[in-house]
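Novice: Fold the following.
(one chain, ligands or ions: 1)
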Amino acid sequence: MPTYNTPDPQRAGFARTNRQTIAQRAALIRELLSQTRSIAELCCGDCAAQWELYRAALPDLTFCGLDVAPAIVAANQAAGVPCVCGDTLDPAALRPFLVYDIIFFGPPLSAGCDGHHALAFDAVQPGCAMFTDLFLGQLGYAGTLVCIGPKTTHMGDARRLYERIRAQRADIGLRLIHYSHATVTGAGIPTEPRLKYVELWFSSRLPDVWEVRRSGCSTDVVIWGRMTAMSTMAESLDQTTDRQADLSARIAGAIAELDLRQIEITRRLTPAQRCQEGLSMIRLAEQVGAYRLRKRRPELSEAEALRIIRSAR
Ligand SMILES: C[S@@+](CC[C@H](N)C(=O)[O-])C[C@H]1O[C@@H](n2cnc3c(N)ncnc32)[C@H](O)[C@@H]1O
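Specialist: Model (predicted):
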């Protein structure tokens with residue numbers, strides 16, 4: 001059995017994801033799997049942001065996280081996030097997740113991982129191969145399984161895992177290889193685009209096309225600025241209007257600063273890719289803003305909240 005590493009509850013949370021990369025995921029789900037009714041995160045860590053953003057993108061969603069660390073599970077539950085304690089290599093812990101439409105697996109916090117040194121795909125424990133043998137091979141999961149690999153993950157890793165899965169399950173293909181970049185830190189500070197992780201979207205429901213995509217290094221940064229602005233606005237709308245000038249300045253500043261960093265990378269995308277990515281992120285950003293606004297002002301209908309958010313400048 002591999003040795004697991006769990007986060008130190010005394011230290012700041014260690015996560016690969018941030019709100020920006022989760023928003024990228026939510027946009028992909030809406031594009032590729034719009035009928036999704038349930039999502040689970042295995043090795044979830046603090047998954048409050050997933051809980052909020054997925055539900056904003058997909059109303060009526062059932063969500064659940066699973067983590068081996070009781071303190072992580074307790075913190076999620078205390079924040080109102082559905083989460084259970086268990087090991088991703090324990091068949092009994094996995095069985096309840098067989099009915100979920102989409103499963104995100106990992107990245108676990110491997111022994112020896114300190115967040116600063118890159119681990120190879122096969123060095124991560126528990127690894128994707130052990131997990132897919134169990135979840136796809138032995139337990140027969142049907143749906144979409146997104147294996148989240150470290151940023152060192154390369155095509156050879158994807159091919160080896162694919163062949164291993166196909167030897168057990170000929171109905172499962174690799175729909176997407178997604179390089180997820182972030183241009184904001186977990187604390188929301190702008191940075192140059194950084195590759196955070198590589199997602200391998202295996203599915204029995206999607207075609208086996210091996211599409212390669214990059215997110216987080218182009219238009220979505222601009223959109224992210226707008227999303228942040230809209231969320232800020234949603235939070236501020238129930239306050240008095242004398243803060244309006246200050247709010248407008250903060251929104252303009254956020255968008256302008258983020259936009260300038262992306263010009264070179266944006267050139268590498270085709271116009272169609274830029275347009276598709278941008279539209280998808282705008283729709284998601286509007287929904288997140290409306291969702292947050294309605295949490296503060298439940299008397300608003302979804303349409304009214306969207307109208308207010310869309311009028312944000
Ligand atoms: C990097 S953290 C959070 C990962 C989160 N999905 C993200 O991307 O932000 C990894 C989590 O995996 C959990 N973990 C490690 N081994 C595990 C296992 N065998 N089963 C379930 N959770 C595990 C750790 O407790 C930790 O909270």
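
Novice: Okay, Phe131 and Ile177: tell me how far apart.
Specialist: The spacing between Phe131 and Ile177, counted by C-beta to C-beta, to the nearest Å, is 18 Å. No exception for glycine: its C-beta is placed from N, CA and C like everyone else's.

Novice: now Gly45
Specialist: Taking C-beta to C-beta, one finds Gly45 at 23 Å from Ile177.

Novice: higher neighbour count, the two?
Specialist: Gly45 (25 against 19; other C-beta atoms under 10 Å).

Novice: Surely the more buried one is within a strand?
Specialist: No. Membership of Gly45 in a strand is not supported by DSSP: H, G, I helix; E, B strand; the rest coil, which gives coil.

Novice: Tell me how far stretch 134-143 lies from the chain's centre.
Specialist: Relative to its chain's centre, stretch 134-143 lies at 22 Å (C-alpha atoms, centre = their mean, to the nearest Å).

Novice: So is that stretch next to the ligand?
Specialist: No. Stretch 134-143 stays clear of the ligand (C-beta under 6 Å from any ligand atom), getting no nearer than 11.2 Å.

Novice: Which positions within that stretch qualify as buried?
Specialist: Using 16 or more other C-beta atoms under 10 Å as the test for burial, stretch 134-143 gives Leu134, Phe135, Leu136, Tyr141, Gly143.

Novice: and if you look at stretch 302-311?
Specialist: By neighbour count with 16+ other C-beta under 10 Å, stretch 302-311 contains the buried residues Ala305, Leu306, Ile308, Ile309.

Novice: Pull the most distant pair out of those residues.
Specialist: Using C-beta to C-beta, the two most remote members of the buried residues of stretch 302-311 are Leu306 and Ile308, lying 7.4 Å apart.

Novice: Give me the common contacts of those two.
Specialist: Common neighbours of Leu306 and Ile308, counting by C-beta atoms under 8 Å, 6 or more residues apart in numbering, are Ala290.

Novice: Just the pLDDT for the residue in the stretch 151-300 of the chain that the ligand sits nearest to.
Specialist: Nearest residue of the stretch 151-300 of the chain to the ligand, counting by C-beta to the nearest ligand atom: Tyr197, 7.0 Å away. At Tyr197, the pLDDT value in this model is 93.

Novice: Is it correct that it is in contact with His181?
Specialist: No. Judged on C-beta atoms under 8 Å, Tyr197 makes no contact with His181 at a distance of 9.6 Å.

Novice: Now for these two: what residues contact both?
Specialist: Residues within reach of Tyr197 and of His181 at once, by C-beta under 8 Å, 6+ apart, are Thr21.

Novice: So between the two, which is more surrounded?
Specialist: Between Tyr197 and His181, counted using other C-beta under 10 Å, the more crowded position is His181 (23 against 20).

Novice: where in the chain is pLDDT low?
Specialist: Counting by pLDDT under 70, the chain contains low-confidence ranges at 1-15, 109-117, 186, 218-282, 284, 312-313.

Novice: now with 80?
Specialist: 1-16, 108-118, 185-189, 217-289, 292, 310-313 (pLDDT under 80).

Novice: Let me see the ranges of the helices in it.
Specialist: Taking DSSP state H, the helices of the chain run over residues 19-32, 48-57, 70-78, 91-94, 128-132, 155-168, 219-236, 244-260, 263-266, 271-296, 302-310.

Novice: List of residues touching stretch 201-213?
Specialist: Residues from elsewhere that reach stretch 201-213, judged by C-beta under 8 Å, 6+ apart: 28, 32-33, 132, 136, 142-147, 158, 162, 165, 169, 171-179.

Novice: if you set the cut-off to 7 Å instead, what comes out?
Specialist: 32, 142-147, 165, 171-178 (C-beta atoms under 7 Å, 6 or more residues apart in numbering).

Novice: Now do the domain split for the chain, please.
Specialist: The chain breaks down into these domains under automatic domain parsing: 19-113+120-215, 219-310.

Novice: Check those domains for me and report the most buried one.
Specialist: domain 19-113+120-215 (a mean of 19; mean count of other C-beta atoms under 10 Å).

Novice: Just give me how far that one sits from the chain centre.
Specialist: Distance of domain 19-113+120-215 from its chain centroid, counting by C-alpha atoms, centre = their mean, is 8 Å.

Novice: Any idea how far apart the tips of that domain sit?
Specialist: Domain 19-113+120-215 has an end-to-end distance of 13 Å (criterion: C-alpha to C-alpha, to the nearest Å).

Novice: Next: stretch 32-47.
Specialist: Length of stretch 32-47, first residue to last, C-alpha to C-alpha: 22 Å.

Novice: Can you convert the buried residues of stretch 302-311 into TSV and add a column each for distance to the ligand?
Specialist: Below are the buried residues of stretch 302-311 laid out as TSV (distance: C-beta to the nearest ligand atom, whole Å):
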residue	distance to the ligand
Ala305	28
Leu306	29
Ile308	31
Ile309	27
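
Novice: No more questions from me, cheers.
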